[in-house]
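Chemist: Let me see the structure of the following:
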Amino acid sequence: MSKKYYTLYKKIKNDIISGKYAAGQKLPSKRVLAEQTGVSVITVQHTYNMLIDEGYITSAEKRGYFVCDIEFEKRNNNIPYFKIKHLKEPAEYSSQPFEYSTWFKTVRKVISENDSRLFLKSPNKGCEILRNAVCDYLLRYRGMKANPKNIIIGSGSEQLYETAAKLIGIDKIFGIESPCYKQIEYVYKTTNINVCKLKMGDDGIDERELSAKKFDVLHVTPFHSYPSGVTTSLSKKLKYIKWVTGGERFIIEDDFDSEFYIPKAPIETLYSMDTSNSVIYINTFSKSLSPAMRMGYMIIPDKLMGKYEKILGKLSCSVPVMDQYILAEFISSGSFERHLNRMRRKLRD
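Modeler: Numbering: from 1, shown residues only. Next up, the predicted model:
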């Protein structure tokens, strides 16, 4: 994602949210906006495409681009959702997760350049080199701003779910999607957490479930809920954000499968939309690289960092240092993003 493209995207999106662009208002043509902002027409096209993908604007053939009426859609229960091409089963691509020669070349490079550092004990949050690499990748590829100090490295989603639960408090009621990935419910129940199941609709959790049931934490997979395949609409995301704002509520955003968003760059996360500092973001490399890659990461909001240091700050990171250095180099060299682009092209064919 280029800096110009992302800057223009954020500006138009913020103008829509603030009301500067009214619902139904026609936006400038691609050529006019390119001249006004000093960018290329292609950059404007990419910007408009992403705004369309996220539900902020719509296009009409030979007429132009228009701002969507999010509130109107919400009142009339006519909320658009996104039919996105996904892999049906991990087996369809896990047999050849990436070019092995590139991975082994990375391994040799890391071993030759780091020597004894690969055999030291990992810091509690994970090695700084990997947390920095993840931070840079998120900004470059996802447009997400994160501080490396808030990133925690863990050995896969299940460990990270448990870490998030202990951090928030196992005395809380956790609302989960129904149906959901079975390990989510399993981890919480084995941690003695009271789970509240929330029925899924066509665009996310049913709105009546959000308002009628009592829970303190909302665990959602907004990009691609498994096994339903539902992708949360923009309007429903805004409801999630409204729910978490104020009080001692939290959202655990499980960004499963998001790297394989087919049309354009991945759509905006709840973490990026949140202004209340109440979203814990979780993602792993087991789907984007290989099921054997038992590494993932979480981003903890600032208001929970003190609690993390107090109750979890002395626990050891379970991911070997050598694996962390290899993945950091794979990301920093651009090999990870080239792999993602190859896989997305393959899925698009």
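Chemist: Quick check: next helix or strand after the lowest-mean-pLDDT helix or strand in the chain?
Modeler: Within the chain, no helix or strand scores below helix 91-94, which has a mean of 39 by mean pLDDT, DSSP states H and E. Later in the chain than helix 91-94, the nearest helix or strand by DSSP states H and E is helix 100-114.
Chemist: what separates that following helix from the chain centre, distance-wise?
Modeler: Averaged C-alpha coordinates place helix 100-114 at 28 Å from its chain's average position (Cα atoms, centre = their mean, to the nearest Å).
Chemist: right, and the helix or strand after that helix?
Modeler: Past helix 100-114, the next helix or strand by DSSP H and E is helix 128-137.
Chemist: For Gly229, what are phi and psi?
Modeler: phi 80, psi 10 (degrees, to the nearest 10).
Chemist: Just the pLDDT for it.
Modeler: We have a pLDDT of 79 for Gly229.
Chemist: do Met298 as well
Modeler: For Met298, pLDDT reads 96.
Chemist: That one - that's part of a strand, no?
Modeler: Yes - the assignment for Met298 is a strand, going by DSSP: H, G, I helix; E, B strand; the rest coil.
Chemist: In contact with it, which residues are there?
Modeler: Ile151, Ile152, Gly154, Leu160, Thr163, Ala164, Ile280, Tyr281, Ile282, Asn283 (Cβ atoms under 8 Å, 6 or more residues apart in numbering). For every residue, glycine as well, the C-beta is placed using N, CA and C.
Chemist: ok, how many other residues are close to Tyr5?
Modeler: Neighbourhood size, Tyr5 [other Cβ atoms under 10 Å]: 20.
Chemist: Surely it touches Thr47?
Modeler: Yes - Tyr5 is within contact range of Thr47, at 5.8 Å (criterion: Cβ atoms under 8 Å).
Chemist: any residues in contact with both of these two?
Modeler: Common neighbours of Tyr5 and Thr47 (Cβ under 8 Å, 6+ apart) do not exist.
Chemist: Disregarding residues adjacent in the polypeptide, which is nearest to the spatially most central residue of the chain?
Modeler: Most central in the chain under Cα atoms, centre = their mean is Asp255, positioned 4.0 Å from the mean C-alpha point. Leaving aside its sequence neighbours, Asp255 sits nearest to Asn283 (Cβ to Cβ, 6 or more residues apart in numbering; 4.5 Å).
Chemist: The helix or strand that the one you found is a member of pairs with which strands, and in what direction?
Modeler: Secondary structure from DSSP H and E places Asn283 in strand 279-284. Strand pairing for strand 279-284, determined by DSSP bridges: strand 250-254 (parallel), strand 296-299 (antiparallel).
Chemist: and Ala22, what does it touch?
Modeler: Per Cβ under 8 Å, 6+ apart, neighbours of Ala22: Val67.
Chemist: can you confirm it is in a helix?
Modeler: No - applying three-state DSSP, one finds Ala22 to be coil, outside a helix.
Chemist: Dihedrals phi and psi, it?
Modeler: Main-chain dihedrals, Ala22, degrees, to the nearest 10: phi -80, psi 160.
Chemist: That one and Thr191: what is the separation?
Modeler: Going from Ala22 to Thr191 by Cβ to Cβ, to the nearest Å gives 47 Å.
Chemist: same question, Met273
Modeler: Separation of Met273 from Thr191 (Cβ to Cβ) stands at 28 Å.
Chemist: Arg63 now?
Modeler: 54 Å.
Chemist: swap in Cys135?
Modeler: Distance of Cys135 to Thr191, given as Cβ to Cβ: 28 Å.
Chemist: Comparing these two, which shows the higher neighbour count?
Modeler: Set side by side, Cys135 and Thr191 show more neighbours around Cys135, with 20 against 13, by other Cβ under 10 Å.
Chemist: Output the below-cut-off pLDDT ranges for this structure.
Modeler: 1-3, 70-99, 257-266, 345-349 (pLDDT under 70).
Chemist: And stretch 143-154, how far out from the chain middle?
Modeler: 12 Å.
Chemist: What are the buried residues along it?
Modeler: Burial within stretch 143-154, assessed by neighbour count using 16 or more other Cβ atoms under 10 Å, is assigned to Gly143, Met144, Ala146, Pro148, Asn150, Ile151, Ile152, Ile153, Gly154.
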